[in-house]
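Enquirer: Any chance you can model this:
(2 chains)
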Amino acid sequence: MQIAILVAKAFIIQQVILGLASFCTWVERKGSALIQDRIGANRAGVYWNPKNPLLKIFTPIVKVFGVLGVVNTLLNDAIKALLKEDFVPEGTSTFMHALGPFMAVLPVFLAYCVIPMAPDFEVAGYTIRMQIASLNTGVLFILAMGSIAVYGVVLAGWTGNNKFSLLGALRASAQMISYELAMGIAFATLILSYGTLDLYEIIEVQKSGWGINPLYYPTGILSFIILFIVGMAETKRGPFDMPESESELVAGYFTEYSGMKFLLFWLGEFAEIALFAIILTIFFFGGWHIPFVELPEGVWWAALVGHGVLMTKVVFFCVLQIVIRWTLPRFRYDHLMNLGWKGLLPLSLFNLMITAAIVLWGMNLS
Amino acid sequence: MAGELLNVDYGIGGITTHMKPGMEGDDLHSETMIVNFGPAHPATHGTVRIVAELSGEKIVDVDVDLGYLHRGFEKMCETVDYNQVMPYADRLNYVSPIINNVGWCLTIEKLLEIEVPKRAQYIRVIMSELSRISDHLTCLGASAMELGAFTVMLYMMQARELLWELIEYVTGARLTISYGRVGGLKDDLPADFGDRMLKAFEGVLHQLDNSDRLLSKNRIFIERMCDIAILTGEEAIDFSLTGPLLRASGVGYDVRKAFPYSSYEDFDFEVPVGKKGDNFDRFEVRFKEIYESIKICRQAIKNLPGGPIKVDDPHITLVSKDQVYNSIDGMINHFELVMYGVKPPKGDVYMQVEGGNGELGFYVVSDGTGKPYKCHVRAPSFIHMGAVRKMLIGANIADIVPTFGMVNMIGGECDR
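Expert: Numbers count the residues shown, from 1 in each chain, chains lettered A, B, ... in the order given. Down below sits the predicted model:
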């Protein structure tokens, strides 16, 4: 029974990830069109005129989905990518070439293992926690997975056997490693103030009031700013998309990828956006808690509502990241390094010291 | 040194490294890498190849390889009569085709020693300035897009669309319009053109304002543009740069002011000048020039004189259809002009206009027949590309993109 529950949880959480990633894809396509005064994807699914009365029922849905570009971005893009030629450049190992996208996506999906998706609830005597692995060191696990994701990028850049891929991979690895320092220290600051590494407990600490406790905390706002910037840099998007800056490096480290392998990189990227949105929500915005409303514990519908609240907050941060990506121009590589090493790292260290002092004098969130 | 990089066959894939003499003695054994930007690379809009020798992300040396879009404009011109050159001239700087048309017409008119009526001159000014705005909008938008600000580019394209709708309203075509004629214009402006233009300008100014707010005070954008690819005024003159590139380096040379043509002396406008000569100055100069062009257009439409739009000479411009059908000499003039073209006297002539990118000059040798004996174009893009190597050496690999964007090489004009 335990195994069945675990499998069910894994399946549900995987669906959540894919759903979030697809949603981000859709916002990226259609939302950017909205920002830029374009129409955006709306071709596929607009024409739907079946003879079958059973299929006719779906007509309004398909029409709306078609106009909103849902069919186009989620269905047609995937089909297109699957049917494309799987191109492997000359003079490279086919296996290693295929390993690249896999290695880039896997750590992101693994990081979701420790994310609690909803409050605990009881079904038929079993207490279910919507978390695949209830690690008490969840934060560290996320950090570890973030570091491993670099391997996929480097592998992809190297096996591309292309100078632009190589340059992109070098940039990506340098960027991810230097921003990981600031991220780690920002996490440490938060762990200090929360006094725990368990993500579930971190959310439970923020139960009362606005549910944005760390932001009341003097150093919380600074950690939020740092973590938000670092998160955008870690996802290699927004103004930080140096590794794939399409105007200089063609497409950076995935220049030599096509079809589904190419799409896997995108999937990983969007899953990463969602992951960072979840992390921000969990650390700063009270996870599944609604401000000033306390949900009953252990009831299934409360878990469902909690999950909905969490997702609403996550979607907000996803959209925010995408809006920023379509507003700002790209950094230059050395400016990015300056920002990371000379700006964010000292700032996060300073923040850590202040927090440590505050904690030492007896203030703690939990 | 120039051309050395081009002599090696780099292929497309594979990592090729390149040893520089004197590098072997370094403590840290390092080799430079050669990267091929183009001819088909997203940064090289227009087909051009930039071979860059990189040490890490720094550019050690650069070679620019032109000529991928060579169509033989100058040779083609020798096979057609003077008015038939117009469609070819459209395709030089295809973003501002009217300026090319006007330049060509003025050259031949200088050879013929005629001056078109005031109304035609004013209309040429209006249309040239509209083209200049669209040229600058395209340049700025494309450069912004290459720095990752895709949204700005689409805003600028919307503004350009308003102008192209105007141009379409007058000429019936959008890109290759062939509006100029030796001795005048193809058509007069439609009656409500002025109102439409002023309305379109409101839209353009609105979009410019949007783009300005997204870029001009954006720290990321400024850091990417400032202090990159600096050329001093002297260097710019040495490279014989003209147009926004020269003015950004602090030299206020503008053909419209220095050698006024087509009644430019009637209008009150400023020539924006930069200070440092970096990419940001180039951006600013172009941005300000859009406002100046709008100013000129407003003055021109306000003071637009009446009268004909062609010179009244049957050997240069077509006579009216009424005369063609009803009078024998009208018929003969029409036939002569269509079959043999305008026949300027023997001699050679050089005439320059201020194009979107700089001084656009035409040199024409006439042997007295209806076709040019020889023709040469002083294409600003071609000359500007000569300075690219100087601008890029020592810069970052990411600086290729904004620098190349600000040089604004237009393939059609550069390679001809």
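
Enquirer: how many neighbours does residue 345 have?
Expert: Answering for chain A, as no chain was given. By other C-beta atoms under 10 Å in any protein chain shown, the residues close to residue A:345 number 18. For the C-beta atoms, the positions are set from N, CA and C on the backbone; glycine is no exception.

Enquirer: wrong one, chain B
Expert: By other C-beta under 10 Å, neighbour count at residue B:345 equals 10.

Enquirer: Same question for residue B:162.
Expert: Around residue B:162 there are 22 residues (other C-beta under 10 Å).

Enquirer: Give me the residue ranges of chain A where confidence is low.
Expert: Low-confidence segments of chain A, defined by pLDDT under 70: A:46, A:209-218, A:243-247, A:362-366.

Enquirer: Distance-wise, check the residue nearest to residue A:94 when sequence neighbours are not counted relative to residue A:256.
Expert: Excluding its sequence neighbours, the residue lying closest to residue A:94 (C-beta to C-beta, 6 or more residues apart in numbering or on different chains) is residue A:88, at 5.3 Å. In this view, residue A:88 and residue A:256 are 8 Å apart by C-beta to C-beta, to the nearest Å.

Enquirer: ok, then the element right after the lengthiest helix in chain A?
Expert: The longest helix of chain A (DSSP state H) is helix A:163-194. Per DSSP states H and E, the first helix or strand lying C-terminal to helix A:163-194 is helix A:199-205.

Enquirer: which residues are in contact with that next one?
Expert: Identification of contacts with helix A:199-205 by C-beta atoms under 8 Å, 6 or more residues apart in numbering or on different chains yields A:114-116, A:129, A:131, A:134, A:138-139, A:190, A:194, A:196, A:213, A:282-283, A:286-289, A:365-366.

Enquirer: for that helix, which positions count as buried?
Expert: By 16 or more other C-beta atoms under 10 Å in any protein chain shown, the buried positions in helix A:199-205 come out as A:199, A:200, A:202, A:203, A:204, A:205.

Enquirer: and what of stretch A:33-47?
Expert: In stretch A:33-47, counting by 16+ other C-beta under 10 Å, buried: A:33, A:35, A:36, A:40, A:41, A:42, A:44, A:45.

Enquirer: In helices, which of the residues you listed fall?
Expert: Using DSSP H, these in helices are A:33, A:35.

Enquirer: how about the closest residue to chain B within the stretch 251-366 of chain A, what does it touch?
Expert: For the stretch 251-366 of chain A, the residue closest to chain B is residue A:330, as judged by C-beta to the nearest C-beta, at 3.1 Å. By C-beta under 8 Å, 6+ apart, the contact list for residue A:330 reads A:239, A:240, A:241, A:242, A:245, B:147, B:148, B:149, B:220, B:224.

Enquirer: same check, this time on residue A:6
Expert: Applying C-beta under 8 Å, 6+ apart to residue A:6 gives the contacts residue A:132.

Enquirer: List only buried entries from the contacts of helix A:199-205.
Expert: Counted by 16+ other C-beta under 10 Å, the contacts of helix A:199-205 give A:114-116, A:129, A:131, A:138-139, A:190, A:194, A:196, A:213, A:282-283, A:286-289, A:365 as buried.

Enquirer: Out of these, which sit inside helices?
Expert: A:138, A:139, A:190, A:194, A:213, A:282, A:283.

Enquirer: Looking at chain B, which residue is nearest chain A?
Expert: At 3.1 Å from chain A, residue B:148 is the closest residue in chain B, using C-beta to the nearest C-beta.

Enquirer: And the strands in the stretch 1-150 of chain B, which stretches?
Expert: Using DSSP state E, counting those that start in this stretch, the strands found in the stretch 1-150 of chain B span residues B:17-18, B:32-37, B:49-55, B:58-65.

Enquirer: count of residues packed around the residue of chain B closest to chain A?
Expert: 26.

Enquirer: Pop out the phi and psi values for it.
Expert: Per-residue torsions, residue B:148: phi 100, psi -10 (degrees, to the nearest 10).

Enquirer: just checking, it touches residue A:327?
Expert: No: here residue B:148 does not reach residue A:327: they are 10.0 Å apart, not a contact under C-beta atoms under 8 Å.

Enquirer: how about the residues of chain B that lie near chain A?
Expert: Applying C-beta under 8 Å from any C-beta of the partner chain, we find that chain B lies next to chain A at B:13-15, B:33, B:35-36, B:41-43, B:57, B:144-152, B:154-155, B:158, B:214-215, B:218, B:220-221, B:223-224, B:396-401.

Enquirer: Okay then, goodbye and thanks.
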